[in-house]
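J.: Quick check, what structure comes out for this input:
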Amino acid sequence: MRVPLDWKRPAGPALDIAVSRVRASGTAAERRGALLVNPGGPGGSGLPYAVTKRAKLPEQVRRAYDVVGFDPRGVGHSAPADCGPMGGLFASPGADPLPTDVAGERRHLAALRHLADDCAHGAGPTALGALSTEATARDMDAIRAALGESRTHFLGVSYGSYLGAAYATLFPDRAGRMVLDSVVGPWSWHDFDVRQAAALLRQREVLFGWLAGDPRRYGLGESAGQARAAYARARDRLAARPVDGFGPAEFDRAVYRALGRTERWAPLGDGLRDYLRTGNVAKLRTAAPFGDAASRNYEAANRIVKCADGPGPSPRRVVADLRGLRRLDPYPLLTGLEASACAYWHHRPRHRTPLGGPRAASALLVASEHDPVTPLAGARQLAARLPGARLVTLHDDYSHGVFASRGNPCVDRATTAYLLTGDLPAADVACRGAGLPRHEAR
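T.: Now for the predicted structure:
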């Protein structure tokens, strides 16, 4: 479907938004409407998500809703953004992303400036302002109207929660049953990125202790301190001598990805063991190559959206936050500090995306207690901004993505009941998770 590039100029240039739909499998009496879904990002493709997420939804939800996916503007089949080389982001091996002295900080800032310049050149000045969360929320309302629905029901995960909160704020009278899962907090994007980086360090300490719990399998030591030292040896060695295009930047991306889901911890531990013993990095590599068309589009759309959603940090603030993270740990993960590039962005928005307020629609928020990707504090703060909102918390859980993802009956029951009836729980809901993965008996 076609939507205006700039919603303030509805008769101006337009772009196409790709939309997919899987119809409800139940009877007409069971139908509740259309459920729009978004997998996160910003930059994630939602077109196939109507199929992949629907397959995991409880049967009652599948019977009640048409599940509708879409590629947000700038993503996938919806006028995909292209930022070219992005300041060397896709080099293999990439430059070490962690500056340790003033000269390194200057190189880091220079790379951010080059990334911003590449996006201005590749995407063009119009796209830099047009690919915002607010514009995508307006696209969602256009999808609702095209489907002939009076209300937008929505399930958004990670960045999808931010998008859903924006919709609930802009269109409170048309917002239906809104499920915001793994919630991005109502902060500036740079503030969020820094909070996430600190949470990832806390999660990594948990990982070190967990790896030390099975020294026979992983061979990284019998204490968290020994596992941490093994990790540092691996990263230092890769920084000094990358292996077949796999260096410290690739290592940090692999760790960043693994920390968000506990089922990825064992493969990461196996990869660390193999590299330290044999120099083989095969088990550390991610399955999808970084730098293919999909990842280039994702990284471009991610930066453009974040920098369109509000004022960026100053270069001085970027350096101060880098130093603050290094004070927490000598090996911080900077992979998720995507909004740092907004310090040099060519488009300078004056205002942040509106999220919540006294006139906003309500929602059901779902969060994992120890999710490092979207820390729980963000869910609590956003819930306070959405009148009447309720929060379902999965305690003793360490992963990102909860509803119809963790297999927790308590979470799935509460969320399904809301989607089917529209009635929020009388109070916040506390569910008990399974804890850390158990080590295999040997």
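
J.: Where does pLDDT dip in this structure?
T.: Scanning the chain for pLDDT under 70 picks out the ranges 442.

J.: Let's see that with 80 instead.
T.: For the chain, residues meeting the criterion pLDDT under 80 lie at 441-442.

J.: Show me what the longest helix belonging to it is packed up against.
T.: Identified as the longest helix of the chain according to DSSP state H is helix 189-212. The contact analysis (3 or more C-beta pairs under 8 Å, 6 or more residues apart in numbering; DSSP states H and E) places helix 189-212 against helix 224-240, helix 248-259, helix 265-278, helix 315-328, helix 376-385. (C-beta placed from N, C-alpha, C; glycine too.)

J.: relative to helix 315-328, how tilted is that helix?
T.: 20 degrees (axes from the mean of the first three to the mean of the last three C-alpha atoms, to 10 degrees).

J.: still on that earlier bit, will you turn the helices and strands packed on helix 189-212 into JSON lines that also has distance to residue 407 and mean neighbour count?
T.: Listed next are the helices and strands packed on helix 189-212 as JSON lines, based on distance: least, C-beta to C-beta, whole Å; neighbours: other C-beta atoms under 10 Å:
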{"stretch": "helix 224-240", "distance to residue 407": "28", "mean neighbour count": "17"}
{"stretch": "helix 248-259", "distance to residue 407": "20", "mean neighbour count": "22"}
{"stretch": "helix 265-278", "distance to residue 407": "17", "mean neighbour count": "18"}
{"stretch": "helix 315-328", "distance to residue 407": "33", "mean neighbour count": "16"}
{"stretch": "helix 376-385", "distance to residue 407": "20", "mean neighbour count": "19"}
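
J.: right, and these - which one's nearest residue 138?
T.: Of all the helices and strands packed on helix 189-212, it is helix 376-385 that lies closest to residue 138, at 20.1 Å by C-beta to C-beta.

J.: re the thing from before, adding distance to residue 297 as columns, could you present the helices and strands packed on helix 189-212 in a markdown table?
T.: A markdown table is the format used below for these (distance: least, C-beta to C-beta, whole Å):
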| stretch | distance to residue 297 |
| --- | --- |
| helix 224-240 | 27 |
| helix 248-259 | 17 |
| helix 265-278 | 26 |
| helix 315-328 | 25 |
| helix 376-385 | 26 |
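
J.: closest to residue 289 out of those helices?
T.: Between those, helix 248-259 lies closest to residue 289; by C-beta to C-beta that is 10.5 Å.

J.: Which elements pack onto that closest one?
T.: Looks like helix 248-259 contacts helix 189-212, helix 224-240, helix 265-278 (3+ C-beta pairs under 8 Å, 6+ apart).

J.: how about JSON lines for those, with distance to residue 337 added?
T.: Below are the helices and strands packed on helix 248-259 laid out as JSON lines (distance: least, C-beta to C-beta, whole Å):
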{"stretch": "helix 189-212", "distance to residue 337": "5"}
{"stretch": "helix 224-240", "distance to residue 337": "17"}
{"stretch": "helix 265-278", "distance to residue 337": "21"}
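
J.: To residue 360, which of these lies closest?
T.: Residue 360 lies closest, by C-beta to C-beta, to one member of these: helix 189-212, at 19.1 Å.

J.: and that closest one, which residues are buried?
T.: 189-201, 203-204, 206-208, 210-212 (16 or more other C-beta atoms under 10 Å).

J.: about what we covered before: of the helices and strands packed on helix 248-259, which is nearest residue 303?
T.: When the helices and strands packed on helix 248-259 are compared (using C-beta to C-beta), the closest one is helix 189-212, at 9.7 Å.

J.: Next SSE downstream of that closest one?
T.: Note on helix 189-212: by DSSP states H and E, the next helix or strand toward the C-terminus is helix 215-218.

J.: Out of the helices and strands packed on helix 189-212, flag the one nearest residue 63.
T.: Proximity to residue 63, assessed across the helices and strands packed on helix 189-212 by C-beta to C-beta, is greatest for helix 376-385 (28.6 Å).

J.: Quick one: closest of the helices and strands packed on helix 248-259 to residue 372.
T.: Of all the helices and strands packed on helix 248-259, it is helix 189-212 that lies closest to residue 372, at 3.8 Å by C-beta to C-beta.

J.: That closest one vs helix 265-278, what angle?
T.: Interaxial angle, helix 189-212 versus helix 265-278 (the same axes, to 10 degrees): 70 degrees.

J.: Between helix 248-259 and helix 189-212, find me the angle.
T.: Going by the same axes, to 10 degrees, helix 189-212 makes 80 degrees with helix 248-259.

J.: so which of the helices and strands packed on helix 248-259 gets nearest residue 394?
T.: Taking the helices and strands packed on helix 248-259 one by one with C-beta to C-beta, helix 189-212 is closest: 15.2 Å.

J.: Relative to the whole chain's centre, how far out is that closest one?
T.: Between the centre of helix 189-212 and the centre of its chain there are 14 Å (C-alpha atoms, centre = their mean, to the nearest Å).
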